[in-house]
Structures are given as C-alpha cells and as structure tokens.
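Visitor: how would this look folded up:
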Amino acid sequence: MLVKEIELFGGVAPGVLNEIADICSEEKYPKDTVLFEKGEDAECLYILKQGVLNLQIKNGGRLNFSLSERGDIFGWSSLVESGKYTASGICATDIEVLKVERDKLEKIFKNHPEVGYIILKRLTGVISKRLLNAYQQLLSARGKDSTTTTPSYG
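Guide: Numbering: from 1, shown residues only. Coordinates of the predicted model:
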C-alpha cells in the first residue's frame, strides 16, 4: 500500500508524502493480538492493509467497532494532544498494517506545518464518521426512539 492511496494523506505534496512513506513500517500481527489498550500512551498511528481489527471500549458494558476496509485508520489518538488511546485495538483476524510512530510524524509536521493542518482536517472526518457510527449503534441497541434532555446552561 502506498501512502498516497490513503485518504488521510490526500492533498499532501509528493515530496512530503515520500518523507511520510519513509517512516512507515509494514507489520503483521496474528489474530487476538492486542496492539494497544485503552488509556495507554498513544505511540503509533496504524493504517489497515488487510484483515479485521476491533476497537473495543469497556465501561460497564462493551462496545466494538470493527475496521476491515483497506486504508482504515486507527490509533489516531497518537495525533491529538491527550496522547492516550481511547479504545483497545484487538486483532479479530490476522492483520497487516502500516505503522507510523508519533514522534517521527511530529518531526515532519514541524518541518511542514501546512501538512499537519491538512492531516488534522482529514482526521476530524475520520473521528466524525466513528462518532456517527457510535450514535447509530446506540440507537439500534435501544430499539426505539427516545429522547434525552441536556440541561441548558445558557
């Protein structure tokens, strides 16, 4: 998989794409491997090449998001300020990924701040899609329309 095929890096200049490609490593992990746990320091961004990864959140119950599309991104917490994974990443099948270390990517962003901005905008799209999926799963689990109110503080 070439970095230029990945939606997250769309619009990035070819020279900078080459720099990003140089810091990516191709990794393979067997089924049931835990790549990271919720709350751990987010050291790497991952791009799915092949297989299925479950993002799992446990908090009284359990919520799973399955990623199976070539180019799906996970470990995005490595690109945001909190720097902690917000879910656990567990291989549902054998998987192949591109792995990008946060520190190396940040160096590229420091040298090319406009690239950091482009990628941040694209990352918000990834997060937005996941949030929409979460909303849909919650509504499906409820099985009917319901209304909750949020107190107004204005």
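Visitor: remind me, longest helix of this structure?
Guide: Longest among the helix segments of the chain by residue count, using DSSP state H, is helix 113-142.
Visitor: how about it: buried residues?
Guide: In terms of neighbour count (16 or more other C-beta atoms under 10 Å), helix 113-142 has its buried residues at V115, G116, I118, I119, R122, L123, V126, R130. All C-beta atoms are positioned from the backbone trio N, CA, C, and that covers glycine.
Visitor: from G11, how far off is the first one?
Guide: Think V115. Distance, V115 to G11, by C-beta to C-beta, to the nearest Å: 9 Å.
Visitor: what segments of this protein are helices?
Guide: Counting by DSSP H, the helices of the chain are 14-23, 102-111, 113-142.
Visitor: need the contact list for the residue nearest to V97 when sequence neighbours are not counted.
Guide: The spatial neighbour of V97 that comes closest, neighbours along the chain excluded (C-beta to C-beta, 6 or more residues apart in numbering), is Y46 at 4.7 Å. Residues in contact with Y46 (C-beta atoms under 8 Å, 6 or more residues apart in numbering) are L35, L53, I73, F74, G75, G89, V97, L98, K99, V100.
Visitor: from those residues, which one has the minimum pLDDT?
Guide: Minimum pLDDT across the contacts of Y46 is recorded for I73, with 90.
Visitor: distance of that residue relative to K4?
Guide: For I73, the distance to K4 - C-beta to C-beta - is 15 Å.
Visitor: the more surrounded of the two?
Guide: I73 (22 against 13; other C-beta atoms under 10 Å).
Visitor: who's in contact with the more buried one?
Guide: Taking C-beta under 8 Å, 6+ apart as the test, what I73 contacts is I6, L8, L45, Y46, I47, L48, L123, V126.
Visitor: can you report how many residues lie near the fifth one?
Guide: In other words, I47. By other C-beta under 10 Å, the residues close to I47 number 23.
Visitor: likewise for the second one?
Guide: Summarising burial for L8: neighbours were counted as other C-beta under 10 Å, giving 20.
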